[in-house]
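Undergrad: sequence and predicted model, in that order:
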Amino acid sequence: MWFIQLISNIPDQARAISAIKNFYCDKTGVVWIGSGGYGLLKYDPEAELFHHIFPGEVIYQLVTDQKNEIYTNTFHKIQLKKDRDPEISDYLDFSALKKAHPNINVTSFAKDTGHYIYLGVKGHLLKYNLKTRNYIKIPLPYININEIPFPIYADEKNNIWMGYKGLLVKFEPTVGKFSKFKFPLPPSFYDYDFLQQIYQDGNLLWLGTTNGLFSYDLLKEKMRGNYAHDDKNERSLSNNNILSLNNDLNRPGNYLWIGTKGGGLNRLDKKTGQFLRFNTKSGLPNNVVYGILTDKQGKLWLSTNKGISSFDPTQRSFQNFNVDDGLQSNEFNRYAFTKTAEGLLFFGGMNGITYFNPTDIKPLGPPAVVFTEFRLFNKPVIPSDTSAILKTSLNSTKEIRLNYDENVLTFQFAAMDYRKPGNIRYRYIMNGFDKDYIYAGIAREATYSNLDPGEYDFKVQANYGTADWGDQYAALKLIIIPPWYRTWWFYVLSFLSTIALFYGLHLFRVAQLNRINSLRNRIARDLHDEVGSSLSTIAIYSKIVQQKNAPASVNKESLLLKISDNATEMMESMSDIVWNIYHKNDTFESILSRMREHAYQLFEAKEYTLHFKLDEELLKRKVSMEKRRDFYLIYKEAVNNVAKYANGHNIWINVTLENNLISMVVADDGKGFDPVLESRGNGLSNIAHRAESLNGELNIVSALNKGTRVELKF
């Protein structure tokens, strides 16, 4: 029946078990579960380390004596056997007491070192003898007050102390004397439970009230000052409503621990009067601390409204327990806590008593973790689906590969332990992205978006809210594949392309420099050849003309004519050079215009009929300076030869575009020539050389008395 109950109560977190196939409980109590998809699972229920007494009863106070006997406000006595099994008996005839006091509701009582128990009823103390089972009724000598004494405390000398309507009252049983002491506060009316806790610290009584912490000097029989909450001072008491007090085990002369109603746990430095605060933000499960007990190691055990908490003052860390750990309930009560001489701790609450030995309480080790789901863009990825992201089950997968644009992903996980599912905490880290672990609390998923391309390791761990995360973890390697423009080969190609580009630019610049140098050399050569020689001739003729004693055979008029011809020729050469250099003349329209102008000037005086034909498609083309120069000089050499030697009547000049090649034809109807005899002339050789520079095809056709035809294609 127990196992059926366990399985039926598996929480949502147990979805890690996709389908329970069968189970087996071995002799040690370990349950082995066979599941579909996750193999063999082990569940170890462990023996409960917390024990319970009086389930269903509300316990308001517990008192222990030197014999390790526990007394409760329900008039039961608890004796523990050697095996720690409780033996319960009545210490008071409740029926007789109920008959004498029909409205009795015991919320506080005390036991002296002998065999007397003191109970508080309205306006009286009841002194009960455990041996004779008789009691006597002792009235409190304060006629104007008729309340129930609360709380009641027996000091080391068996004097009985109690709170009574805002007063501290002392009763000395040996002489039957009552004494009252006022708290150092302005006169006011207080409820009967203004005083909440009495704790003896040597010759000092610490008094926890609803208005702060007070102390009473037993030797001087005098009330001391008080500690109270101050909003402006963080080192003051966190809350004035004090429920429990206990000295620090290791440094009792220095520190006093204080449990408050709403302010958590406080530590008073007795020497400085300053307080150190601990609350839910520090790890305490609840800010109401009913009881404080210390174990042999100096740890504090605190009963609260949300279970029991173990506090390590050295590490300043909390370990919390609740009903999932076996407590009688999560809610406990003030005064319902005590410790036996051998170190057993008892805490009473709303459903009985929980008792345990602190040395038996071992924290649960960090549980193993498995992945339960992987989502992409918030859609579950199913193993072996069309995406091929998961080829096997998620927990059998070691590596997930995603494209760079698959960038919103979620991991779900769960701890493989169901003993305290609500107390399991998780932390995870994406190595390569997160700088440190992300503490997720009870959340069981992690979402990432816009991860850069690269390799990552995702790890997740679980524990039970302790500082120990152990060395168990679930891990997955994640590879984000970069786009092609962020791959290594693209970077290498880009690097090489950049080098090639710069090298190409360098070669282009060198070519441009060489071209400029070549142009400068050509201009210098042209100036030297065409202008320099003419200037030299002019200079020679000028000197001859200037000589006074020149021979009579020298015809000065002829020399002057030659000087004029050379000057004209030089001017034409300079004009050609300047025209060729000027960048606006790169268009073919400019070339054709100059060709036509030169032809008209040359053949008008010769009385030739000029037939000039051009293709308008050529007007939009551009030709480089070098090609323009070679083309124009070939044309000029051809027409000049016609003008000088042809002795004809017609000249045909055709410039057309054929198959994207520029074609020029210069033809005449003159006397022609024999190409074999004239092949070595300078004119024809110059034309052939320039055609070769154009990478063009040159064809010269001529015969005696049949004219000449010069054809050029480039």
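TA: Received, thanks. Residues are numbered from 1 along each chain as shown.

Undergrad: which helix or which strand is home to residue 105?
TA: Residue 105 is part of no helix or strand when elements are defined by DSSP states H and E.

Undergrad: ok, it - how many residues close by?
TA: Neighbourhood size, residue 105 [other C-beta atoms under 10 Å]: 11. Yep, even glycine has a C-beta here, placed from its N, CA and C like the rest.

Undergrad: for the lengthiest helix in the chain, packing partners?
TA: Longest helix in the chain, counting residues (DSSP state H): helix 488-526. Applying 3 or more C-beta pairs under 8 Å, 6 or more residues apart in numbering; DSSP states H and E, one finds that helix 488-526 contacts helix 556-581, helix 625-641.

Undergrad: weakest of these by average pLDDT?
TA: Lowest mean pLDDT of those: helix 556-581, a mean of 68.

Undergrad: how about the helix or strand following it: buried residues?
TA: Next helix or strand after helix 556-581 toward the C-terminus (DSSP H and E): helix 588-604. Applying a neighbour-count criterion of 16 or more other C-beta atoms under 10 Å, one finds 588-592, 594-595, 598-599, 602-603 buried in helix 588-604.

Undergrad: the helices in the chain, which residues?
TA: 2-8, 94-100, 488-526, 533-546, 556-581, 588-604, 625-641, 675-678, 682-693.

Undergrad: any idea how far the residue lying closest to residue 66 once chain neighbours are set aside lies from residue 156?
TA: Counting by C-beta to C-beta, 6 or more residues apart in numbering, residue 113 is the residue found nearest to residue 66 once chain neighbours are left out, at 6.7 Å. To residue 156, residue 113 is 8 Å away according to C-beta to C-beta, to the nearest Å.

Undergrad: just residue 141 next, same as before
TA: Separation of residue 141 from residue 156 (C-beta to C-beta): 25 Å.

Undergrad: where in the stretch 401-550 of the chain is pLDDT low?
TA: Residues of the stretch 401-550 of the chain meeting the criterion pLDDT under 70: 421, 519-541, 543-550.

Undergrad: residues touching residue 320, list them.
TA: If you count contacts by C-beta atoms under 8 Å, 6 or more residues apart in numbering, residue 320 has them with 283-285, 306-310, 423, 465.

Undergrad: go again with 6 Å.
TA: 285, 307, 309 (C-beta atoms under 6 Å, 6 or more residues apart in numbering).

Undergrad: out of those residues, who's the most crowded?
TA: residue 307 (24 neighbours).

Undergrad: hang on, isn't it packed against residue 332?
TA: No: between residue 307 and residue 332 there is no contact under C-beta atoms under 6 Å: 8.3 Å.

Undergrad: count of residues packed around the nearest residue to residue 168 once chain neighbours are set aside?
TA: Nearest residue to residue 168, sequence neighbours excluded (C-beta to C-beta, 6+ apart): residue 181, at 4.4 Å. By other C-beta under 10 Å, 16 other residues sit near residue 181.

Undergrad: before we move on, what about residue 638?
TA: Quick note: residue 638 (other C-beta under 10 Å) scores 24 neighbours.

Undergrad: from residue 587, how far off is it?
TA: Distance of residue 638 to residue 587, given as C-beta to C-beta: 22 Å.

Undergrad: would you mind giving the domain segments of this structure?
TA: 2-43, 51-355, 369-489, 491-580, 582-714 (automatic domain parsing).

Undergrad: what mean pLDDT does stretch 701-714 have?
TA: For stretch 701-714, the mean per-residue pLDDT is 90.

Undergrad: now that stretch: buried residues?
TA: By 16+ other C-beta under 10 Å, the buried positions in stretch 701-714 come out as 702, 707-710, 712-714.

Undergrad: among those residues, which pair sits farthest apart?
TA: Spatial extent of these (C-beta to C-beta) is set by the pair 707 and 714 at 23.4 Å.

Undergrad: can you add distance to residue 362 and give the domains of the chain back as CSV?
TA: Shown next, in CSV, are the domains of the chain (distance: least, C-beta to C-beta, whole Å):
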stretch, distance to residue 362
domain 2-43, 17
domain 51-355, 10
domain 369-489, 11
domain 491-580, 56
domain 582-714, 94
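
Undergrad: to residue 361, which of those lies closest?
TA: For these, proximity to residue 361 was assessed by C-beta to C-beta; domain 51-355 is nearest, at 7.1 Å.

Undergrad: what is the end-to-end distance of that closest one?
TA: This stretch, domain 51-355, spans 5 Å end to end (C-alpha to C-alpha, to the nearest Å).

Undergrad: how about stretch 236-255?
TA: Span of stretch 236-255 from end to end, C-alpha to C-alpha: 14 Å.

Undergrad: what sits up against that stretch?
TA: Where contact means C-beta under 6 Å, 6+ apart, the residues beyond stretch 236-255 that reach it are 196-197, 199, 206, 208, 210-213, 227-230, 256-263, 266-267, 275, 277, 290-292, 294, 298, 334.

Undergrad: show me the residue at the heart of this protein, geometrically.
TA: By C-alpha atoms, centre = their mean, the mean C-alpha position of the chain lies nearest to residue 434, the distance being 4.8 Å.

Undergrad: quick one: it and residue 142, what's the gap?
TA: According to C-beta to C-beta, residue 434 and residue 142 sit 67 Å apart.

Undergrad: what about residue 253, how many neighbours?
TA: For residue 253, the neighbour count with other C-beta under 10 Å is 11.

Undergrad: er, residue 252 I mean
TA: Neighbour count of residue 252, defined by other C-beta under 10 Å: 14.

Undergrad: and the pLDDT for it?
TA: pLDDT for residue 252: 95.

Undergrad: next one: residue 205
TA: Reported pLDDT for residue 205: 96.

Undergrad: that one and residue 195, how far apart?
TA: According to C-beta to C-beta, residue 205 and residue 195 sit 11 Å apart.

Undergrad: swap in residue 664?
TA: With distances taken as C-beta to C-beta, residue 664 is found 127 Å from residue 195.

Undergrad: thank you, goodbye.
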